[in-house]
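> Have a look; sequence and predicted model below, questions after that.
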Amino acid sequence: MNRRTLLKTVAVGATAATWPGWIRRAFAKPPCPPDQREAIGAVAASYRRALRAGKPLLVFVVPAAWPERYSRGVRFGEYLNHARPGALAVLPLAEVVCASAAVLRAVVPQTPNVEPLMFLVDTDERPPSVHALNERAPTEAESRVETPPTDTQQPRYWERLQAAETAEIDGRIERMSELVASALAGGPEMLRRRVAQARTQGDNAVARRMEAILIRGLVPPDVNAGAAIVYAAMVHGSGAWALQLRQALEDDAIARWREHEVPGGRWTLQDGCGGSIDCGMGDVPEKSARFLFFLSQADQ
């Protein structure tokens with residue numbers, strides 16, 4: 001049985017009809033939306049930071065349709081909060097922001113009229129190029145899952161159902177991790193491009209200091225400014241030093257986008273009823289509990 005079909009059938013909250021009431025109300029229509037200028041300002045500020053740092057801009061795309069925003073926010077939350085160890089190390093190579101295609105287009109006019117999972121804006125080109133990013137489809141092995149028994153009283157029913165949910169979520173996280181890594185450092189040529197941009201477009205003095213530290217086999221105290229340089233050293237390095245560089249990059253990503261708000265969104269917790277309220281009406285998988293609520297209102 002296809003896992004997606006299974007989870008849509010049995011998992012609480014899989015369709016809009018089974019969403020907790022607070023989510024149905026929240027996403028049925030915009031509740032007191034913030035001024036569109038706030039969303040555009042978040043993108044503009046992130047774009048300027050990317051230019052100054054010599055980095056691309058990675059945009060988590062906010063769907064225009066309100067019901068789809070919830071599931072998209074959950075997906076980004078799963079990735080940022082539960083990616084496998086080391087997977088977030090590539091994220092500091094970019095500035096990250098949440099925005100709808102319309103909001104991004106207000107800052108970067110050449111944004112295509114599509115709605116992918118993400119956009120990548122290459123700021124080392126004039127005008128900047130904008131690439132639509134979509135993850136690969138699940139493999140056959142990823143889509144296959146054992147069908148739980150239909151009788152909830154049978155042994156291990158809930159354990160098997162939870163295992164199916166966890167496998168589905170882990171597959172989503174892994175595919176998103178692969179997409180981000182491919183977009184930001186997908187091969188030697190792309191990594192050389194990121195390093196060159198960090199040296200020439202970013203703060204050259206910072207880049208030189210960082211390279212001097214890396215040449216001595218040390219870990220820079222602040223890896224964010226020259227993240228591409230540190231990432232390249234990690235890729236070409238080995239042993240404990242490479243692992244330390246990877247950890248430093250991942251710690252930077254966690255500090256910026258897990259422990260703090262992602263520009264254009266805010267962290268929100270949910271359970272069976274939403275927020276921190278446990279009403280007993282349903283259960284939300286642990287890895288899906290913390291999600292991004294988007295601020296972008298460009299389509300309003």
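It's in.
> Does the nearest residue to F291 once chain neighbours are set aside lie in a helix or a strand, and which?
With sequence-adjacent residues excluded and distances taken as Cβ to Cβ, 6 or more residues apart in numbering, F291 is closest to G77, at 3.8 Å. C-beta coordinates here come from the backbone N, C-alpha and C atoms, glycine included. Using DSSP states H and E, G77 falls within helix 66-82.
> Only the C-alpha atoms, please, for that helix, written as PDB.
The C-alpha coordinates for helix 66-82 follow below in PDB (Å, rounded to 0.1, in the frame of the first residue of the first chain):
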ATOM      1  CA  TRP A  66      -4.100  29.400   2.600                       C
ATOM      2  CA  PRO A  67      -4.700  25.600   3.300                       C
ATOM      3  CA  GLU A  68      -1.500  24.700   1.600                       C
ATOM      4  CA  ARG A  69       0.500  27.100   3.800                       C
ATOM      5  CA  TYR A  70       0.000  24.900   6.900                       C
ATOM      6  CA  SER A  71       1.400  21.700   5.300                       C
ATOM      7  CA  ARG A  72       4.300  23.700   3.700                       C
ATOM      8  CA  GLY A  73       5.100  25.200   7.100                       C
ATOM      9  CA  VAL A  74       5.100  21.800   8.700                       C
ATOM     10  CA  ARG A  75       7.500  20.500   6.000                       C
ATOM     11  CA  PHE A  76      10.000  23.300   6.600                       C
ATOM     12  CA  GLY A  77       9.700  22.700  10.300                       C
ATOM     13  CA  GLU A  78      10.500  19.000  10.000                       C
ATOM     14  CA  TYR A  79      13.600  19.800   8.000                       C
ATOM     15  CA  LEU A  80      15.000  22.600  10.200                       C
ATOM     16  CA  ASN A  81      14.200  20.800  13.400                       C
ATOM     17  CA  HIS A  82      14.900  17.100  12.600                       C
END
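> list the buried ones in that helix?
Neighbour counts using 16 or more other Cβ atoms under 10 Å place 66, 69-82 of helix 66-82 among the buried residues.
> could you list every residue that touches A181?
Applying Cβ atoms under 8 Å, 6 or more residues apart in numbering to A181 gives the contacts A87, V90.
> my guess is it is in a helix, correct?
Yes - applying DSSP: H, G, I helix; E, B strand; the rest coil, one finds A181 inside a helix.
> need the helices for the stretch 101-250 of the chain, in chain order.
With DSSP state H, counting those that start in this stretch, the ranges of helices along the stretch 101-250 of the chain come out as 101-107, 140-143, 157-185, 188-200, 204-215, 227-236, 239-257.
> Going by mean pLDDT, which of the ones you listed comes out lowest?
Sorting the helices of the stretch 101-250 of the chain by mean pLDDT places helix 140-143 lowest, at a mean of 66.
> for the helix holding G77, packing partners?
On a contact count with 3 or more Cβ pairs under 8 Å, 6 or more residues apart in numbering; DSSP states H and E, helix 66-82 meets helix 21-28, strand 57-61, helix 157-185, strand 265-269, strand 290-294.
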